[in-house]
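Visitor: Take this sequence and fold it.
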Amino acid sequence: MKTIALLFILSLSFGSYAQNEKHVKEAKKMEYNKLNEFEKYVILEKGTERPFTGKYTDYKESGTYVCKQCGAALYKSTDKFDSHCGWPSFDDEIEGAVNRTMDADGRRTEITCANCGGHLGHVFFGEGFTDKNTRHCVNSVSLDFIPANTETKKGKQ
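Guide: Numbers count the residues shown, from 1 in each chain. Coordinates of the predicted model:
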């Protein structure tokens, strides 16, 4: 009987813990930037913007590209290059900022924000555009830009 009572108490405690974890995750999610319908389509539903229409396709300023949804730093402007593919292209990411996952069809590698999981685009290898031989093809709508020497919540960029 004592064992059953102890198991009952433990199950209540675990249920309370699990419920608390759920609230913590929801609170973190609520801290994300508000997205418009098109941004939701691309970032949450893994859509894409039309080529040559994005704000950052031909953008040349110095600074840091961050995730539109959570604000995590993803790419440095020094790693951006002109690939003429219609989307912003980078040959490197900030270490630990981007996750890579094989698409369900096995043909492309999806890139997502390591912090929030937001869809960024795809990464391609072996095209010869840069010495690093890597092209992160990123939707402009998945990004925000912080100019160099700008003060942010996380410090100076």
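Visitor: need the contact list for the closest residue to residue 87 other than its chain neighbours.
Guide: In this structure, residue 87 finds its nearest non-sequential neighbour in residue 137, 4.9 Å apart by C-beta to C-beta, 6 or more residues apart in numbering. In this view, the C-beta of every residue, glycine as well, is placed from N, C-alpha and C. Under the criterion of C-beta atoms under 8 Å, 6 or more residues apart in numbering, the neighbours of residue 137 are 83, 85, 87-89, 121-124.
Visitor: now residue 137: how far from residue 123?
Guide: 7 Å (C-beta to C-beta, to the nearest Å).
Visitor: what's the domain layout of the protein?
Guide: Split into domains by automatic domain parsing, the chain comes to 1-31, 37-151.
Visitor: Among these, show me which one is buried the most.
Guide: Highest mean neighbour count among the domains of the chain (mean count of other C-beta atoms under 10 Å): domain 37-151, with a mean of 17.
Visitor: now the helices for the chain?
Guide: 2-30, 37-43 (DSSP state H).
Visitor: so what's the spatially most central residue of the chain closest to, chain neighbours aside?
Guide: For the chain, the residue nearest the mean C-alpha position is residue 113 (2.1 Å; C-alpha atoms, centre = their mean). Closest residue to residue 113 apart from its sequence neighbours, by C-beta to C-beta, 6+ apart: residue 67 at 4.3 Å.
Visitor: That neighbour: what's it in contact with?
Guide: Residue 67 touches 74, 113, 115-116, 118, 120, 142-144, counting by C-beta under 8 Å, 6+ apart.
Visitor: Now go through the residues you listed and say which are in strands.
Guide: 74, 113, 120, 143-144 (DSSP state E).
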